[in-house]
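Participant: here you go, sequence then predicted model.
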Amino acid sequence: MTVRCDRTPAWQALQQHADKVGRGFDLRQAFAADAGRFASFSQEAPHVFADLSKNLIDQRTQELLLDLAQQCGLQARRDAMFAGEHINSTEDRAVMHTLLRAQGAVPPGSRSGVAGELAKVHETLDAMLEYAETIRADHTITDVVNIGIGGSDLGPQMVVLALAEFVAPGKRFHFVSNVDGHELAGVLKGLAPEHTLFLVASKTFTTAETMANARSARRWFEQSGGKDVARHFAALTTNVAAAREFGIETTFGFWDWVGGRYSLWSAIGLPIALAIGSDGFRKLLAGAHAMDEHFRTAPLAKNLPVRLGLLDVWYRNFLGFTSRCIAPYHSALRRLPAYLQQLEMESNGKRVDLQGAALPFGTSPVLWGEPGTNGQHAYFQMLHQGTDVVPLEFLAVRDADHDLSGHHPALLANALAQAQALMQGRADAGGHRDFPGNRPSTFFVLERLTPESLGAFIAMYEHRVFTSGALWGLNSFDQWGVELGKVLAKDLEPRLSSGDVTGLDASTAGLLARLKQG
């Protein structure tokens, strides 16, 4: 039985603690008073080290947050997810993306049928990876174009860019998601049809933006002299009939218990497998599985995703911080902030609880960010001296994958210095040059950016989002908020040609007249 967070005794205790200690907490004083603070508030997890010591928390805060997790029934909800229960209540579905990276037996306590699902997962995985190796060995295919949107684009694109050091030579990867034709046209300019493989990623094979781009890609392919659509197009879909009607014979499916933002581990990850190979893809899954097991079995007090999710609740609901910044200090992780935006804001950007009741407290923060050191010359001014306190998350990689002298120490020094400056501040320069300090940050360290470490980091974030969503009483696995705009767009599109503004509000009618085609 789960209980919404604001209906627990721990919630009231946290409010009192925030009033008494939390809002006046000073990191500099905390470090001066406790020589062991770094050790107490840092943690090793599979492939990830996290330093939480520069956050506005003390031992009592952590104890109360753990009480909150216990009283909300976090463990029961976590176990229900791993067991394959239908915790996605609004769609009456299980949530089993962790099964996609399960290495062997199903978790203890799994409901009937989960073992059968795991067998299907491995059957599909094996077939997908066999196809990937065939394409990797085909030197006539030099370019792979992934056509998708949302989870069918953000995850695969982020991972392929992040693992560039592991990508097979002789293959280039392109990602098209925007219905804006400028994106697809820009990609097609540099391609030859006989050397290109298109992947159409849509579970239903009906996603409007994806299918518009897929049809245009096929038209370009045929008009440019391309032969054999079946060889140069593959589909990641469950709608095999629609794909075949399109001319595609090679398809790889997935299941309704795979949400889009959790789908890179499924057939949607085919571009990843094409890029880093079957062995690399299995290592990505293994890293994620190691973090799954940590989340499933570690005590809450030493459970990194749980500690992070609890920190998010503390900041959002008790200290009033409404956004969080992500700063990966590795250029290959440049799409990580965008990926995490969907993961967290689509999952927990909800205003009603599981029963449909309006919530009296805030939920998902706004996520944003840019790789360091670029961000230092863009928005860090506000982080250091602005009027709003924005918790910042650094992600540093200890070992570089290049041999350019001096670059990596300079990069790491910048990451360390920014975290230090945010905490310490400076009050002796006067006026415009003063920094208030006491600005919180979390510092993640990966030894090296590999398929294993990236898989573990992504899974850690997934479970972090699950934790905060469970405490807030949300269904973190639906996304009804993306539907209304799509419905209205279908009505408006023909009006751009006809000019018909009947029934529209004055603003939409006026803008439509401005944008009318022809």
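Facilitator: Great, that's in hand. Small disclaimer: the values here were computed from a predicted structure and weren't measured. Numbers count the residues shown, from 1 in each chain.

Participant: now Leu367: how far from Ala234?
Facilitator: Distance of Leu367 to Ala234, given as CB to CB, to the nearest Å: 32 Å. Just so you know, the C-beta spots here come from the backbone N, C-alpha and C atoms, and that holds for glycine as well.

Participant: which of those two has more residues huddled nearby?
Facilitator: With neighbours defined as other CB atoms under 10 Å, Leu367 and Ala234 compare such that Ala234 has more, 25 against 19.

Participant: and that one, which of the three is it?
Facilitator: Three-state call for Ala234 (DSSP: H, G, I helix; E, B strand; the rest coil): strand.

Participant: got the contact list for it?
Facilitator: With contact set as CB atoms under 8 Å, 6 or more residues apart in numbering, Ala234 has these partners: Tyr131, Leu197, Phe198, Leu199, Val200, Ile248, Thr250, Thr251, Phe252, Leu270.

Participant: and if we set it to 10 Å?
Facilitator: Ala234 is in contact with 128, 131, 135, 144, 197-201, 243, 248-252, 267, 270, 274, counting by CB atoms under 10 Å, 6 or more residues apart in numbering.

Participant: what does the pLDDT read for Gly190?
Facilitator: If you check Gly190, the pLDDT there is 87.

Participant: quick one, phi/psi of it?
Facilitator: For Gly190, the backbone dihedrals are phi -100, psi 10 (criterion: degrees, to the nearest 10).

Participant: count of neighbours near it?
Facilitator: By the measure other CB under 10 Å, the count of residues near Gly190 is 10.

Participant: equivalent analysis for the one 10 residues further on, please.
Facilitator: Residues contacting Val200 under the criterion other CB under 10 Å number 27.

Participant: list the contacts of it.
Facilitator: 145-148, 152, 207, 210-211, 213-215, 217-218, 233-237, 243, 246, 248, 251 are the contacts of Val200 under CB under 10 Å, 6+ apart.

Participant: ok, now Tyr262?
Facilitator: 95-98, 100, 151, 155, 268, 343, 347, 458-459, 462, 477.

Participant: may I have the beta-bridge partners of Glu393?
Facilitator: Ile326, Thr442 (DSSP bridges).

Participant: quick one: it and Trp368 touch, right?
Facilitator: No - checked against CB atoms under 10 Å, the pair Glu393 and Trp368 is beyond contact range at 11.1 Å.

Participant: shared neighbours, those two?
Facilitator: Common contacts of Glu393 and Trp368 (CB under 10 Å, 6+ apart): Arg324, Cys325, Ile326, Pro337, Leu340.

Participant: now the helices for the stretch 101-250 of the chain?
Facilitator: Along the stretch 101-250 of the chain, the segments classed as helices by DSSP state H, counting those that start in this stretch run 114-137, 154-162, 181-188, 208-223, 229-232, 240-246.

Participant: relative to Val389, which of those helices is closest?
Facilitator: Among the helices of the stretch 101-250 of the chain, the nearest to Val389 by CB to CB is helix 154-162 (27.7 Å).

Participant: who does the closest one touch, helix- and strand-wise?
Facilitator: Under the contact criterion of 3 or more CB pairs under 10 Å, 6 or more residues apart in numbering; DSSP states H and E, helix 154-162 touches strand 143-147, strand 172-176, helix 270-297, helix 336-341, helix 451-472.

Participant: tell me which of these is the most buried.
Facilitator: helix 451-472 (a mean of 25; mean count of other CB atoms under 10 Å).

Participant: and that one with helix 154-162, angle?
Facilitator: Angle, helix 451-472 to helix 154-162, by axes from the mean of the first three to the mean of the last three CA atoms, to 10 degrees: 150 degrees.

Participant: picking that back up, in CSV, list the helices and strands packed on helix 154-162 along with mean pLDDT and distance to Asn303.
Facilitator: What follows is the helices and strands packed on helix 154-162, written out as CSV (pLDDT from 0 to 100; distance: least, CB to CB, whole Å):
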stretch, mean pLDDT, distance to Asn303
strand 143-147, 98, 34
strand 172-176, 98, 34
helix 270-297, 98, 6
helix 336-341, 98, 20
helix 451-472, 98, 9
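
Participant: wait, which of those is closest to Gly320?
Facilitator: helix 451-472 (15.4 Å).

Participant: measure Ala217 to Asp505 for me?
Facilitator: Ala217 is 36 Å from Asp505, where distance means CB to CB.

Participant: which of the two has more neighbours?
Facilitator: Neighbour count, other CB under 10 Å: between Ala217 and Asp505, Ala217 has more, with 24 against 9.

Participant: bridging residues for the spatially closest residue to the more buried one that is not a sequence neighbour?
Facilitator: Spatial nearest neighbour of Ala217, chain neighbours left out: Phe198 (5.3 Å); criterion: CB to CB, 6 or more residues apart in numbering. Following DSSP bridges, Phe198 is listed with bridge partners Val145, Phe233.

Participant: part of a strand, is Asp399?
Facilitator: No - per three-state DSSP, Asp399 lies outside any strand segment and is coil.

Participant: any idea how far the nearest residue to it once chain neighbours are set aside is from Pro156?
Facilitator: Sequence neighbours aside, Arg448 is the residue nearest to Asp399 in space, at 4.5 Å (criterion: CB to CB, 6+ apart). Noted for Arg448: a distance of 21 Å to Pro156, by CB to CB.

Participant: next: Leu27.
Facilitator: Counting by CB to CB, the gap from Leu27 to Pro156 is 38 Å.

Participant: neighbour count winner among the two?
Facilitator: Set Leu27 next to Pro156 and count neighbours by other CB under 10 Å: Pro156 wins out with 28 against 22.

Participant: ok, now which ones touch the more buried one?
Facilitator: Residues near Pro156 by CB under 10 Å, 6+ apart: 146, 148, 173, 175, 199, 201, 236, 263-264, 268-275, 339.

Participant: now do it, the pLDDT please.
Facilitator: Taking Pro156 on its own, its pLDDT is 98.

Participant: His97 and Asp403: what is the separation?
Facilitator: His97 is 37 Å from Asp403, by CB to CB.

Participant: noted, bye for now.
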